[in-house]
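**Student:** need the 3D shape of this:
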Amino acid sequence: MSFSSKVRDELVEKTGKARHCLLAELAAMSLFSGKFIKNQGKWQFFLETDRPGIRAKYFTLLLRTLNIKDVGGEYLSPAAAESLMTAAHLAPGPDGFPVLTDSVIIMQECCRKSFLRGAFLVSGSVSDPDRSYHFEIAARDPDSAELLANLIRDFGCDAKTVLRKNRYVVYLKDGADVGELMALMGASQSFLTFENDRVVREVRGNVNRKVNCETANIEKTVSAAVRQLDDIRLIDETSGLNSLPENLREIASLRLSHPDMSLTELGKLTHPPIGKSGVNHRLRRISEIAETLHSTDRNT
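**Tutor:** The predicted model follows:
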């Protein structure tokens, strides 16, 4: 079972306590997955979903908010459709898809959470936190998408909108925001699973980055040491190390004796001890001398 399915299964069991919250969830489910059909001059309504659990919840919301018991199969009767339009502030759009006529239904914070839950149930998905952070809800028109995006932004989450295959998709990619929305919708168990996986993933990522950084530093240090040894050996084979000033001769001998040591460690062995920058300065002078010898060799 996908992570999205687990979240939906949990949310199917969650409902608000107040009637206005139930209506907000009912309105969202209708707006994002419902359709009006005109039959003999009167509107009927049905919910486009193939998930039995979601359909059962929708009819339960109809019963609890509007006392609609007989839905006439999959379609709401004209009288029931009229009741839905009035209570949920919906109206048929040009293509039969519902439009929200008044945002008063989501004025309260509790209702906005219920509305978000209803929209996700019928048209949302969330990726498995082991793979990526991605939360999205698809809308049929730009107005519904913008309404949803603004609602999510009101909760402090960075919602964005993109047009994909004639659907306006509201999405988030920040892990903390995705977790926040799951908690707001009421998916508490899924939220805990998500946060646990997110922490493990981010710790693993931090460890990998640290290891990669340390590996790069080691490679850089080794490469520098190899160049330093080549320079010192060139001087030794040509003019000899005794040709170097005493301070350079000392650091050259230490580098030859301790090829794996860091600059800081080499500095502690000098008399008197010097810091990393002092060691680096002396090795640069040795490199310049070696380069001069290289140039002389090439010109002869």
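**Student:** and residue 224, how many residues sit next to it?
**Tutor:** 15 (other C-beta atoms under 10 Å). Where you see a C-beta, it was placed from the backbone N, CA and C, and this is true even at glycine.
**Student:** contacting residues around stretch 25-35?
**Tutor:** With C-beta atoms under 8 Å, 6 or more residues apart in numbering as the test, stretch 25-35 has contacts from 15-16, 45-49, 54, 58, 61-62, 65, 84, 87-90, 96-100, 105, 114-119, 121-123, 137-140, 144.
**Student:** make a PyMOL selection of whichever of those residues turn out to be buried.
**Tutor:** In PyMOL syntax, the buried subset of the contacts of stretch 25-35 is picked out as below (16 or more other C-beta atoms under 10 Å):
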select buried, resi 15+16+45+46+47+49+54+58+61+62+65+84+87+88+89+90+97+98+99+100+105+114+115+116+117+118+119+121+122+123+137+138+139+140+144
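**Student:** among the contacts of stretch 25-35, name the ones in helices.
**Tutor:** Secondary structure defined by DSSP state H assigns 54, 58, 61-62, 65, 84, 87-88, 114-119, 121-123, 144 of the contacts of stretch 25-35 to helices.
**Student:** the closest residue to residue 64 other than its chain neighbours: neighbouring residues, count only.
**Tutor:** Among residues not flanking residue 64 along the chain, residue 22 sits closest, at 5.7 Å (C-beta to C-beta, 6 or more residues apart in numbering). For residue 22, the neighbour count with other C-beta under 10 Å is 21.
**Student:** please renumber the chain so that the first residue is 817 from this point on.
**Tutor:** With 817 as the first residue, the last one maps to residue 838.
**Student:** which SS class is residue 838?
**Tutor:** helix (DSSP: H, G, I helix; E, B strand; the rest coil).
**Student:** show residues contacting the helix or strand residue 1099 falls within.
**Tutor:** Per DSSP states H and E, residue 1099 falls inside helix 1092-1115. Residues from elsewhere that reach helix 1092-1115 (C-beta under 8 Å, 6+ apart): 1043-1044, 1046-1048, 1050-1051, 1054-1055, 1060, 1063-1064, 1067-1068, 1071, 1078-1080, 1082-1083, 1086.
**Student:** can we see that at 10 Å?
**Tutor:** Contact with helix 1092-1115 is made by 1040-1041, 1043-1044, 1046-1051, 1053-1055, 1057, 1059-1061, 1063-1068, 1070-1071, 1077-1086, 1089-1091, as judged by C-beta atoms under 10 Å, 6 or more residues apart in numbering.
**Student:** buried ones among those?
**Tutor:** Among the contacts of helix 1092-1115, the ones that count as buried by 16+ other C-beta under 10 Å are 1041, 1044, 1047-1048, 1050-1051, 1057, 1060, 1064-1068, 1070-1071, 1077-1079, 1082-1083, 1085-1086, 1090.
**Student:** so of those residues, which ones are in strands?
**Tutor:** Using DSSP state E, no member of the buried ones among the contacts of helix 1092-1115 falls within strands.
**Student:** what confidence value was assigned to residue 821?
**Tutor:** Note on residue 821: pLDDT of 90.
**Student:** residues in contact with the spatially closest residue to residue 855 that is not a sequence neighbour?
**Tutor:** In space, and not counting its chain neighbours, residue 855 is closest to residue 894: 7.5 Å by C-beta to C-beta, 6+ apart. Neighbouring residues of residue 894 by C-beta under 10 Å, 6+ apart: 854-861, 888.
**Student:** just curious, which of these is nearest to residue 1010?
**Tutor:** Closest to residue 1010 out of the contacts of residue 894 is residue 861 (34.2 Å), distances taken as C-beta to C-beta.
**Student:** hang on, that closest one packs against residue 907?
**Tutor:** No: using C-beta atoms under 10 Å, residue 861 makes no contact with residue 907, being 11.3 Å away.
**Student:** quickly list what's touching both of the two.
**Tutor:** Both residue 861 and residue 907 are in contact with 852, 901, 914, where contact means C-beta under 10 Å, 6+ apart.
**Student:** the last one touches residue 960, doesn't it?
**Tutor:** Yes: under the criterion of C-beta under 10 Å, residue 914 is in contact with residue 960, at a separation of 8.8 Å.
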